[in-house]
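**Q** Sequence first, then the predicted structure, then my questions.
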Amino acid sequence: MERTKTGGRPKLPDEEKRQYSFHVRLNKEEYDIMETRIKRSRYGSRRQYLLEMSKGATIRPEVTEVQLFDRLKDIYMEINHIGKNINQISRKINSMECNVPGSVIEYELKKCNKTMETCKHQTEILAEIGHKISSKV
């Protein structure tokens, strides 16, 4: 009486079978670089990282929430400084008694106000991004 095996892993189709392998030797520096890149990527293993690279994928480092918050904070501070500079320029133009035609001053003030509105809009976008990220953490 012959037994047939019914359990175990199902057989893969021929096109999904991985039959080939290769071995690579690295020196310490190359190994450290490769390990750092793998750890920074979104792939959990060397195998997956190398498979994606072989398919021509663009490997981007995974950005942590802390790094993203730091970058958003830097951008926010930069926009804030720009807004302060524009306010100082506006105050200076408004307080000047000079021979500049009113239309030129009005034009410059409109440009300053438009830039400030853009800064305000960008700040709101950054706040939304920060809120979305913090709700995921």
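**A** Yep, that arrived. Residues are numbered from 1 along each chain as shown.
**Q** start to end distance for stretch 21-34?
**A** Chord length of stretch 21-34, first to last residue, is 18 Å (CA to CA, to the nearest Å).
**Q** and if you look at stretch 50-58?
**A** Across stretch 50-58, the terminal residues are separated by 11 Å (CA to CA).
**Q** any chance you could map the helices in the protein?
**A** Listed in chain order, the helices of the chain (DSSP state H) span 28-40, 46-54, 65-95, 102-136.
**Q** Would you format those helices as JSON lines with mean neighbour count and distance to Leu12 included?
**A** (C-beta placed from N, C-alpha, C; glycine too.) Putting the helices of the chain into JSON lines (neighbours: other CB atoms under 10 Å; distance: least, CB to CB, whole Å) gives the following:
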{"stretch": "helix 28-40", "mean neighbour count": "12", "distance to Leu12": "26"}
{"stretch": "helix 46-54", "mean neighbour count": "13", "distance to Leu12": "16"}
{"stretch": "helix 65-95", "mean neighbour count": "13", "distance to Leu12": "38"}
{"stretch": "helix 102-136", "mean neighbour count": "12", "distance to Leu12": "35"}
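**Q** wouldn't Tyr43 be in contact with Met53 here?
**A** No. Assessed by CB atoms under 8 Å, Tyr43 is found out of contact with Met53, at 9.4 Å.
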